[in-house]
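Chemist: heads up, no residue letters with this:
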Ligand SMILES: NC(=O)C1=CN([C@@H]2O[C@H](COP(=O)(O)OP(=O)(O)OC[C@H]3O[C@@H](n4cnc5c(N)ncnc54)[C@H](OP(=O)(O)O)[C@@H]3O)[C@@H](O)[C@H]2O)[C@@H](O)CC1
Ligand SMILES: [K+]
């Protein structure tokens, strides 16, 4: 699914109006109906509703929503924030249509602000995609009122005050909703960790914007939905044998961290690889043979750390990093591997930290290798950034410069491709913020690479399936009880 910028959203809106054709006020009606369909499924009509409207089209949506909910027997109050002499045409039309049902109250100054009863659900239709500057004056006061009230707030399209495709300042007044119900497409702002409280839980409602025009839009930003992930999966051929699915090598573990190697290895096997070899220090030999009998074990000459590899030319994919440690000998082994490997690698955890400390290694990373840093590891690699938008831009430049793929881990892991495209993941949950889940991801992606998935697909699909397995684990065990092994047990890539 594509993620568009403000200008493209406006064009898509205008194109639909002209070519469907549909009048803009009828498109607004469709948007309001779609919002109300979600709202009525979420909240019963015994809950009072207060709608706060600006004077642009977001406010127009709010007026239409108020009318529809009132027709559905909700007890509705409407407040219009009169902050400008200009109102949009569709706002004015919806104000007329509302007059048979409700009389709105005006808010012009602070003393007009209402006392909100605790039970009322507030609908935020103050400002939408037309935001051109931070909210101020009476608009900022209303935002402050809603944020300090204990009421549930639902934002229409986007939280008022939040920019769709650029960073806000920390001091900007922005609504902190429980839910955002957005029209047609997710917005770039939703994927930035800095915006978590300004988005809440978000849902997309379809308002029938032109799909052909949407296909023609160029954007570097995508959202990996189930349809896209499923289109990547290759069915297993009936006549296949273990050689068909490749031979993966995972280089991981150190004394006290052999578990990381086992988790990565098990995840690799559970993601469909034909054969797996684990390269681990000698102290892990028996642990690995007992806990993972399906894997072959290549034992390092060192007892506690990985320090030397034999030839790697026979492997179909190589993952390195989980629990590796950062010994000098390990760093030398990694440098040699980067020089000798003739295929893209999966590089995680301590392998990334070693590269951060030896910047000359960056140029040696094989083309299309997949790096899986969490934000701190990425910062060590690429330097400080001013905000999450800036970090994403830095990631795009970094991926292009070194011809690599970066899976920037987070609530919506961003898979950044060598051409600068970014695919935000849709699966996963806060239960996955626990030790070992990163090792599992390394195993999954290494497995997909071994099976012949192109690196871009291995990264996008691996991240998606990792999150999906985490969601299955959370629904069975709960987010607090689940551990990395549960993510592995819930893998099912077919
Ligand atoms: N796209 C779609 O497919 C569909 C979109 N729809 C809906 O339309 C919404 C977009 O509507 P919109 O363009 O009228 O913008 P919106 O945000 O309501 O207000 C802009 C007004 O506010 C003003 N203003 C700006 N910043 C301000 C500030 N800080 N403080 C105060 N004022 C400020 C600005 O003034 P100006 O910048 O010109 O000074 C202008 O007057 C969209 O989010 C969705 O809800 C659906 O109905 C149908 C399908
Ligand atoms: K809004």
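Modeler: Yep, that arrived. Note that this is a predicted model, so its numbers are computed, not measured. Numbers count the residues shown, from 1 in each chain. Ligands and ions are numbered 1, 2, ... in the order given.

Chemist: quick one, strands of the stretch 301-450 of the chain?
Modeler: Assigned by DSSP state E, counting those that start in this stretch, the stretch 301-450 of the chain shows strands spanning 317-320, 345-347, 370-371, 405-408, 414-416, 422-425.

Chemist: just the stretch 51-200 of the chain next, same as before
Modeler: 76-81, 105-107, 121-125, 153-156, 179-183.

Chemist: and the gap between the closest residue to ligand 2 within the chain and residue 198?
Modeler: When you check the chain against ligand 2 by C-beta to the ion, the closest residue turns out to be residue 160, at 4.2 Å. The way it works is simple: take the backbone N, C-alpha and C, and place the C-beta from them, glycine included. Residue 160 sits 9 Å away from residue 198, going by C-beta to C-beta, to the nearest Å.

Chemist: Centre of this structure to the edge, which residue is at the far end?
Modeler: The C-alpha centroid of the chain is most remote from residue 100, which lies 43.1 Å away (C-alpha atoms, centre = their mean).

Chemist: measure stretch 274-283 end to end?
Modeler: 26 Å (C-alpha to C-alpha, to the nearest Å).

Chemist: Quick one: distance of it to the chain centre.
Modeler: In terms of C-alpha atoms, centre = their mean, to the nearest Å, the centre of stretch 274-283 is found 32 Å from the chain centre.

Chemist: And for stretch 373-392?
Modeler: 16 Å.

Chemist: Can you give the contact residues for it?
Modeler: Applying C-beta atoms under 8 Å, 6 or more residues apart in numbering, the contact partners of stretch 373-392 are 166-167, 192-195, 348-349, 352-353, 355-356, 362, 371, 394-395, 398, 406-410, 414, 416, 422, 438.

Chemist: Compute the number of surrounding residues for residue 47.
Modeler: Neighbour count of residue 47, defined by other C-beta atoms under 10 Å: 13.

Chemist: Overlap in contacts, residue 160 and residue 198.
Modeler: With C-beta under 8 Å, 6+ apart, residue 160 and residue 198 have common neighbours 174-175.

Chemist: Tell me which of the two has more neighbours.
Modeler: Per other C-beta under 10 Å, whichever of residue 160 and residue 198 has more neighbours is residue 160, with 30 against 24.

Chemist: Just to check, that one is in contact with residue 127?
Modeler: Yes: using C-beta atoms under 8 Å, residue 160 is in contact with residue 127, at 4.1 Å.

Chemist: Overlap of the contact sets of the two?
Modeler: Common neighbours of residue 160 and residue 127, using C-beta under 8 Å, 6+ apart, are 54, 58, 135, 139.

Chemist: wait, doesn't the last one sit right on residue 126?
Modeler: Yes: assessed by C-beta under 8 Å, residue 139 is found in contact with residue 126 at 6.3 Å.

Chemist: so which of the shared contacts of residue 160 and residue 127 is the most crowded?
Modeler: Using other C-beta under 10 Å as the neighbour test, the shared contacts of residue 160 and residue 127 are led by residue 54, with 29 neighbours.

Chemist: if I pick that one, what's in contact with it?
Modeler: For residue 54, the contact set (C-beta under 8 Å, 6+ apart) comprises 62, 81, 83, 125-128, 139, 160.

Chemist: again, but for residue 282
Modeler: For residue 282, the residues meeting the contact criterion (C-beta under 8 Å, 6+ apart) are 299-304.

Chemist: returning to that earlier point: which members of the contacts of stretch 373-392 are classed as buried?
Modeler: 167, 192, 195, 348-349, 352-353, 355-356, 362, 371, 394-395, 398, 406-410, 414, 416, 422, 438 (16 or more other C-beta atoms under 10 Å).

Chemist: residues from the stretch 1-150 of the chain in reach of ligand 1?
Modeler: 9, 13, 27-28, 31, 54, 56-59, 61, 83-84, 86, 88, 127-135, 139 (C-beta under 6 Å from any ligand atom).

Chemist: Tell me, what's the model's pLDDT at the residue nearest the centre of the chain?
Modeler: Residue closest to the average C-alpha location in the chain (C-alpha atoms, centre = their mean): residue 412, at 2.0 Å. On pLDDT, residue 412 comes in at 97.

Chemist: Verify the stated contact: it with residue 425.
Modeler: Yes: between residue 412 and residue 425 there is a contact under C-beta under 8 Å: 5.5 Å.

Chemist: Could you measure from the residue nearest to residue 397 when sequence neighbours are not counted over to residue 222?
Modeler: Counting by C-beta to C-beta, 6 or more residues apart in numbering, residue 420 is the residue found nearest to residue 397 once chain neighbours are left out, at 7.8 Å. Distance, residue 420 to residue 222, using C-beta to C-beta: 12 Å.

Chemist: If you count surrounding residues, which of these two has more?
Modeler: Neighbours per residue (other C-beta under 10 Å) separate residue 420 from residue 222, with residue 222 holding more: 18 against 14.

Chemist: Just say helix, strand or coil for the more buried one.
Modeler: With DSSP: H, G, I helix; E, B strand; the rest coil as the basis, residue 222 sits in strand.

Chemist: Which residues lie in contact with the closest residue to it other than its chain neighbours in this structure?
Modeler: Spatial nearest neighbour of residue 222, chain neighbours left out: residue 423 (4.7 Å); criterion: C-beta to C-beta, 6+ apart. Contacts for residue 423 were tallied using C-beta under 8 Å, 6+ apart; they are 222-224, 414-415, 417, 460.

Chemist: With distance to ligand 2 as extra columns, can I get these in CSV?
Modeler: Shown next, in CSV, are the contacts of residue 423 (distance: C-beta to the ion, whole Å):
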residue, distance to ligand 2
222, 24
223, 20
224, 26
414, 25
415, 29
417, 32
460, 31
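
Chemist: The nearest residue to residue 172 once chain neighbours are set aside: neighbouring residues, count only.
Modeler: The shortest distance from residue 172 to any non-neighbouring residue, by C-beta to C-beta, 6+ apart, is to residue 134 (4.3 Å). A count of nearby residues for residue 134, using other C-beta under 10 Å, gives 15.

Chemist: That concludes my questions; thank you for your assistance.
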